[in-house]
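K.L.:
what's the 3D shape of this:
(2 chains, ligands or ions: 1)
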Amino acid sequence: MITLSQMNPLEKGIIISIDADGELKQRLFSFGLRKGSMIKVKATSIAKSTMEVEVGSTLMALRYSEAERIGVEKA
Amino acid sequence: MKELTIALVGQPNVGKSMLINAISDARLKVGNFSGVTVEKAEVDFIFKAHEIKIIDLPGTYSLNDYTQDERVTKEFLETQTYDLIINVVDATNLERNLFLTTQLLALDKKMIVALNMMDEAQKEGICVDHDQLSSILGVPCVKVSAVTKRGIGKLFNRAVDMFHFPYEKSKLIYSEVVEEEIAKLSFFLKQKRYQSTLSYRDVSLKLLEEDPKMYRAMHDEPIWVEFMPLLKESLSHLYLHYDTKDVSEIFAQERASFARGAVRETVSYEKNYLGNMTDRVDRVLIHRVFGIPIFIFLMWGLFQLTFELGSVPVEYIDAFFVSLGAYAKTIFGDGELGSLIADGMISGVGAVVMFLPNIVILFLGIALLETTGYMARVAFLLDGFFHRFGLHGKSFIPLVTGFGCSVPAYMSARTLKNDKDRLMTLFIIGFMSCGAKLPVYVLFTGAFFSKEHAGNILFLIYIAGALIGLLSAKFLKVFVFKGVDEPFVMEMPKYRLPSLKLIWHTVATKAMMYLKKAGTFILGASVLIWFASNYPKYPLLEEQYAKQIALAQVDEQKTSLSNELSSLLLEKSYLGIIGKSTDFFFEPIGFDWKMTVALEAGLAAKEVIVSTLGVLYALGSDVDETNEGLVHALQKQIPTASAVSFVIFVMFYLPCLAASIVFTKESGSYRYLGYLIVFTTTIAWLLSFIGYRVSLLIL
Ligand SMILES: Nc1nc2c(ncn2[C@@H]2O[C@H](COP(=O)(O)OP(=O)(O)O)[C@@H](O)[C@H]2O)c(=O)[nH]1
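P.N.:
Below you'll find the predicted structure:
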């Protein structure tokens, strides 16, 4: 398992764990980011501080510090 | 006529505002939800002999308590009275949207789902079987497009029908695991003939969801002793199956799978949709290297427009208020009443209305950024930098706007949805030197530095202000708004062409809100300042000077005498008295009482600082920053160290009255205004003190 923050643009994966509580967890959930969802990294910002990912038909942005809490299996 | 109240609920960017705008012959009312700065739009219209009132609730992804928008929506839905919910969903992104729908179904209210963006769905080859979806959800689904206005009539037809039919419970079906436990618990309740207003299914469900109210109700009943072990067993089954003990997560998973299932059964893709415009545009706009330069260029364009184009009508507005003031004096006379109306009210309100063109252009730009979906990209690009100072990527817009004028800057902070992020941004906006401070800087740098250096010093002033602003944000983050970071996680909406009508509507509402403020608070405050600088009266003194002026031979002598009089009168006015009595506070940083009074007058508006200095140094009030007389007077009477300290103080102290009022409104409480006063004054004083002492040493 690697974390989402270790993935590069255009790589795909399946989420296998989310280590988050409260607001962050709910927020990820309501965007469809859950165990078992397919995720694709679309772009990263210049200093690797934020990344854009696609989950289902939703595009979303998150910080690397948040992506570190998401475990994925590369697909 | 029957009245019908509808709550409009949906996730952000699903087209709720657009839908409201698509209703013809509607009366729109915009205000705030009580006690918070969340915008509340209400529409009234007549439809089929019904008076329909729609309340547009803030967009929210789910019904939680985390952001202000979520709280407002949740609280409204749970505590207010309304007849029916219209849940607007984006048909091109159904699965995520239905997640909220499942939470709404649990509210047990009459509901209709409006499948919006059908035009776009058609273009993308997405087919939604709305009959099938209706039967899965147990509530009617209507296809609409807010842009083409198709289906809107049908939507309200259904709403009116629904209003007259009795409520039918929707049927949210959970996975087999959960349903099995529900069945077990319900069966036991039935065997025991348990008395309850709720159905056995609902009671069991609420207990499994750990609803505190339900537990409290059951806790005192005899059945509890026997029931508890069963419930425990059911829960442990769920824990085992889901590999977590977090019930909210289990049910979130349940709702998510329900939404996924519903989509699988009702949505089909006709053709392979290739034209993914968002992908292609994103490749350019959030490009690793070009993204930021492109953004900076766009911002530069916006500010050029705001302050260049915006300044054209400003002159006319100014001229209008000047002539209105003159006209008022012809009606009310040159006496006290005339002065109150012309110099107090009209010029005070005029000074605020003057910014209206700038505000309209700026908000037009911001509305464009928001409705096209670019704003989220801006946050994406800049968050790395701003987060280091504890700010959010979106803070950029309000902060840069602050260089123009703090009033629209405070208003634009609303794009920050999170309370802490917004408050922090609000607190440091004042440190971005606004346009009205420029005359002060030009005057002082011109008077105390050589021509070659003046430009650099000016630049330094602006940069230093911004830097201190960012550092104080860090300070606030560490000591005041501490705690875990709010998640940044946000949607990057699809790029969409803006709708003119929607943008016009947004801008017009903002402009109206601004004018309302000018007409109420600012009017009151202007009268106060006018009073403080014109009273008490000294008729003897005025008479004495009038005589001398009449006797004077040369014109020059006349003006110098009348300038001396106005300087004397200001010194003896309440404002002057206050200034002199608070002088001790400013002595350690090198101000004399004249500078103190000018600073305090500047609380009304920063432009006033220069004109007050003009009056106090007996040059009349018609001076500006290029006035040679004033420059000489300052050079002669103010030591350089004091001048440095003065400029520093102006950089950081409290924003003008209009801005402070807007700050209070946007922060949501007078308490925060109190904090702002303490915060800015402390920083201004300390930095001035350092600046003064250092200058004394080196100059
Ligand atoms: N194609 C299409 N675009 C729409 C429709 N409804 C809204 N939009 C666009 O979607 C964006 C978001 O709409 P808005 O009304 O601001 O969403 P709100 O956040 O729910 O109020 C805007 O750019 C609208 O022009 C629709 O039915 N079809």
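
K.L.:
Break down the stretch 101-250 of chain B into its helices, ranges please.
P.N.:
Per DSSP state H, counting those that start in this stretch, the stretch 101-250 of chain B carries helices over the ranges B:118-123, B:130-137, B:152-164, B:176-191, B:200-208, B:212-219, B:223-242, B:247-266.

K.L.:
highest average neighbour count across those?
P.N.:
Highest mean neighbour count of the helices of the stretch 101-250 of chain B: helix B:200-208, a mean of 20 (counted as mean count of other CB atoms under 10 Å in any protein chain shown). No exception for glycine: its C-beta is placed from N, CA and C like everyone else's.

K.L.:
angle of it against helix B:223-242?
P.N.:
70 degrees (axes from the mean of the first three to the mean of the last three CA atoms, to 10 degrees).

K.L.:
ok, the residue in the stretch 151-300 of chain B that the ligand sits nearest to - contacts?
P.N.:
Closest contact between the stretch 151-300 of chain B and the ligand, by CB to the nearest ligand atom, is at residue B:151 (9.3 Å). The contact partners of residue B:151, by CB atoms under 8 Å, 6 or more residues apart in numbering or on different chains, come to B:114, B:118, B:142, B:143, B:144, B:145.

K.L.:
Which of the residues you listed fall within strands?
P.N.:
B:114, B:142, B:143 (DSSP state E).

K.L.:
Now do the same contact list for the last one.
P.N.:
If I follow you right, that is residue B:143. B:91, B:115, B:118, B:128, B:130, B:150, B:151.

K.L.:
and of these, the nearest to chain A?
P.N.:
Nearest to chain A out of the contacts of residue B:143 is residue B:91 (CB to the nearest CB; 10.9 Å).

K.L.:
my guess is the closest one meets residue B:123, correct?
P.N.:
No: applying CB atoms under 8 Å, one finds residue B:91 not in contact with residue B:123, separated by 11.3 Å.

K.L.:
can you confirm residue B:452 is in a strand?
P.N.:
No: in this structure, residue B:452 is helix, not part of a strand, as judged by DSSP: H, G, I helix; E, B strand; the rest coil.

K.L.:
rewinding a little: ramachandran angles for the residue of the stretch 151-300 of chain B closest to the ligand?
P.N.:
Here is the backbone geometry of residue B:151 (degrees, to the nearest 10): phi 80, psi 0.

K.L.:
Check it and give its pLDDT.
P.N.:
Residue B:151 is assigned 93 on the pLDDT scale.

K.L.:
Give me the distance between it and residue B:91.
P.N.:
Distance, residue B:151 to residue B:91, by CB to CB, to the nearest Å: 11 Å.

K.L.:
which neighbours do the two share?
P.N.:
B:118, B:143.

K.L.:
quick one on the thing from earlier: which stretch in the helices of the stretch 101-250 of chain B has the least confidence?
P.N.:
For the helices of the stretch 101-250 of chain B, where the average pLDDT is lowest is helix B:212-219, sitting at a mean of 86.

K.L.:
Distance from that helix to the middle of the chain?
P.N.:
40 Å (CA atoms, centre = their mean, to the nearest Å).
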